[in-house]
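Participant: generate coordinates for the sequence data below:
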Amino acid sequence: MKLSTKGRYAVMAMVDLAMHSDNKPISLADIADRQEISLSYLEQLFAKLRRGGLVRSVRGPGGGYLLAHEDTETRISDIILAVDEPIRATRCTPGQPFGCRINKSRCMTHDLWEELGNQIYLYLSSVTVADVVNKQILGTSGVVRETKDSGDPAFFAAE
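Facilitator: Purely as a prediction, here's the structure:
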């Protein structure tokens with residue numbers, strides 16, 4: 001499963017906002033420069049994040065954006081869902097009684113992919129912006145391990 005740039009960039013921007021705000025509004029131009037994201041793209045994302053109640057805007061000189069809630073209360077899943085990024089691994093339309101095959105049936109592996117989507121959602125719901133800021137993400141990304149077959153080390157890195 002691949003997360004689109006919409007979801008990834010929204011999370012990156014929210015983490016940047018949490019890291020740099022010190023209770024002062026941060027301009028999208030500053031976030032765009034630090035994260036190397038198009039300013040116009042960030043403006044679109046922040047409009048959705050504001051409608052989703054995750055950020056609030058401050059107008060005028062020195063204006064910008066602030067987190068609407070503490071970073072410990074802002075979940076990564078909320079950010080991704082706020083920018084209309086579905087968290088699913090099946091090609092079927094969620095909530096539909098029929099599958100995506102021509103005859104409207106579900107493929108043999110549907111339940112596998114459905115559960116993968118559920119697990120991704122559960123994981124992203126368990127991680128807050130503060131966890132990312134404080135580098136408290138559990139996992140083994142970037143760990144070198146020995147492979148079972150050859151005994152050679154293999155590098156596992158998150159993309």
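
Participant: which strands and helices lie in contact with whichever strand or helix holds Tyr9?
Facilitator: In this assignment (DSSP states H and E), Tyr9 forms part of helix 5-20. If contacts are counted by 3 or more CB pairs under 8 Å, 6 or more residues apart in numbering; DSSP states H and E, helix 5-20 sits against helix 28-35, helix 39-51, strand 64-67, helix 76-82, helix 129-133. (Glycine included, C-beta is placed from N, CA and C.)

Participant: and those as CSV, adding mean neighbour count?
Facilitator: Output for these, formatted as CSV (neighbours: other CB atoms under 10 Å):
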stretch, mean neighbour count
helix 28-35, 16
helix 39-51, 17
strand 64-67, 20
helix 76-82, 21
helix 129-133, 19
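
Participant: can you redo these as JSON lines with mean pLDDT and distance to Tyr9?
Facilitator: Below are those laid out as JSON lines (pLDDT from 0 to 100; distance: least, CB to CB, whole Å):
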{"stretch": "helix 28-35", "mean pLDDT": "96", "distance to Tyr9": "7"}
{"stretch": "helix 39-51", "mean pLDDT": "96", "distance to Tyr9": "6"}
{"stretch": "strand 64-67", "mean pLDDT": "96", "distance to Tyr9": "14"}
{"stretch": "helix 76-82", "mean pLDDT": "94", "distance to Tyr9": "10"}
{"stretch": "helix 129-133", "mean pLDDT": "95", "distance to Tyr9": "14"}
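
Participant: quick one, the helix holding Tyr9 and helix 28-35 angle?
Facilitator: 100 degrees (axes from the mean of the first three to the mean of the last three CA atoms, to 10 degrees).

Participant: mind listing what's buried along helix 5-20?
Facilitator: Buried residues in helix 5-20, defined by neighbour count with 16 or more other CB atoms under 10 Å: 6-7, 9-18.

Participant: next, the angle from that helix to helix 39-51.
Facilitator: 80 degrees.

Participant: contacting residues around helix 5-20?
Facilitator: Applying CB atoms under 8 Å, 6 or more residues apart in numbering, the contact partners of helix 5-20 are 26, 30-31, 34-35, 37, 41-42, 45-46, 48-49, 54-55, 65-67, 71, 74, 76, 79-80, 82-85, 129-130, 132-133.
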